[in-house]
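Participant: Compute the structure for the input listed below.
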Amino acid sequence: MSIEGRPDTERSIRTIHAALDAGVTLIDTADAYHLHANEVGHNETLIAQALASWGGDTSEVLVATKGGHLRPGDGSWTVDGSPAHLREAVEGSLKRLGVDAIGLYQFHRPDPGVAYEDSIGALRDLLDAGKIRMAGISNADVRQIRQAQEILGGRLVSVQNQFSPAFRSSEPELELCDELGVAFLPWSPFGGSSRAAELGNRFAAFGRVAEAHGVSPQQVTLAWMLAKSPVVIPIPGASRPESITDSVRAAELTLDDTELRELDAA
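Facilitator: Residues are numbered from 1 along each chain as shown. So this is what the prediction gives:
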């Protein structure tokens, strides 16, 4: 909703409202979800506006945001995992979201120029200071998950890694999260917004199973992920109300063992 190809504000808010109407209680964002250098936190501001204008009770809605990955506005991406930047980033996110403490704050991407323990130590300090209520990490490997869990004193609650039919190299991290009881949040579960519509064609097994159930390949993809572990919480993107309501229905779709094996082998 905030990067390339983004819809207008009115449609974006309708999409978020549709998610809330459908019972979605986790909304994922980041301060780096924007296009231009002068609009850092565009998506956070949009979400705050949508929550404020929705007619229902938002007390149970968890907004998760991220920091440490930057977009200068020229199409490139950079990282800054320094404790000073993360402290500054949290303050910015607090203001844009209009909250006293961020529900879930995740270190967006490791910074090769900063010791990982220093970045995670900043999360620990933010937890202890009450600036954030829960801490997570993103784009992390098995070693980093274990390291973060240790530094946070067992308070790591989420790992957000890329995972989709096209990208399965995060299976070891998913398995470790299952072992530790840490939420695993697959980002880009459909392989990216530009390729989501082609999912059933690119991976024929997902198309076949979808046809058999009379649902979309996207629903099948999310149901397949949910079946892997109770700690899996996919975070599909959407820019239209119809897309998010379709995704939500995946929670009601049960795939049998034969179908799951077929999808795993695809």
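
Participant: going forward, measure contacts between C-alpha atoms and count neighbours the same way
Facilitator: OK.

Participant: Backbone dihedrals for Arg168, both of them.
Facilitator: phi -120, psi 10 (degrees, to the nearest 10).

Participant: swap in Val157?
Facilitator: With angles defined as degrees, to the nearest 10, Val157 sits at phi -110, psi -20.

Participant: mind listing what it touches?
Facilitator: 134-136, 182-183 (C-alpha atoms under 8 Å, 6 or more residues apart in numbering).

Participant: again, but for Thr15
Facilitator: Shown in contact with Thr15 (C-alpha under 8 Å, 6+ apart): 238-242, 244.

Participant: Reformat those as JSON lines; add secondary structure.
Facilitator: Listed next are the contacts of Thr15 as JSON lines, based on DSSP: H, G, I helix; E, B strand; the rest coil:
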{"residue": "Ala238", "secondary structure": "coil"}
{"residue": "Ser239", "secondary structure": "coil"}
{"residue": "Arg240", "secondary structure": "coil"}
{"residue": "Pro241", "secondary structure": "helix"}
{"residue": "Glu242", "secondary structure": "helix"}
{"residue": "Ile244", "secondary structure": "helix"}
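
Participant: And the buried ones among those, selectable in PyMOL?
Facilitator: To isolate the buried subset of these in PyMOL, counting by 16 or more other C-alpha atoms under 10 Å, use the following:
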select buried, resi 238+239+240+241+244
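
Participant: and of the contacts of Val157, the nearest to Leu176?
Facilitator: Val182 (8.3 Å; C-alpha to C-alpha).

Participant: Let me know how buried the closest one is, in neighbour terms.
Facilitator: By the measure other C-alpha atoms under 10 Å, the count of residues near Val182 is 23.

Participant: Also Trp77?
Facilitator: Number of residues near Trp77 (other C-alpha under 10 Å) recorded here: 11.

Participant: distance of the closest residue to it other than its chain neighbours from Leu185?
Facilitator: Closest residue to Trp77 in three dimensions, ignoring its sequence neighbours and counting by C-alpha to C-alpha, 6 or more residues apart in numbering: Arg71, at 4.7 Å. The gap separating Arg71 from Leu185 is 22 Å, by C-alpha to C-alpha, to the nearest Å.

Participant: Neighbour count: the two, which is higher?
Facilitator: Ranked by neighbour count (other C-alpha under 10 Å), Arg71 and Leu185 place Leu185 first, with 24 against 19.

Participant: Please name the nearest non-neighbouring residue to that one.
Facilitator: Gln160 (4.5 Å).

Participant: could you give the mean pLDDT of whichever strand or helix holds the one you found?
Facilitator: If you go by DSSP states H and E, Gln160 is part of strand 156-162. Mean pLDDT, strand 156-162: 98.

Participant: Check which strands are paired with it and give the direction for each one.
Facilitator: The strands that strand 156-162 pairs with in its sheet are strand 135-138 (parallel), strand 183-187 (parallel) (by DSSP bridges).

Participant: Of those strands, flag the one that's most buried.
Facilitator: Ranked by average neighbour count under the criterion mean count of other C-alpha atoms under 10 Å, those are headed by strand 135-138 at a mean of 26.

Participant: and after that one, which helix or strand comes next?
Facilitator: Downstream of strand 135-138, the next assigned helix or strand under DSSP H and E is helix 142-151.

Participant: mean confidence for that next one?
Facilitator: 98.

Participant: ditto for stretch 172-184
Facilitator: Mean predicted confidence for stretch 172-184 is 98.

Participant: same question, stretch 92-110
Facilitator: Looking at stretch 92-110 alone, the average pLDDT works out to 98.
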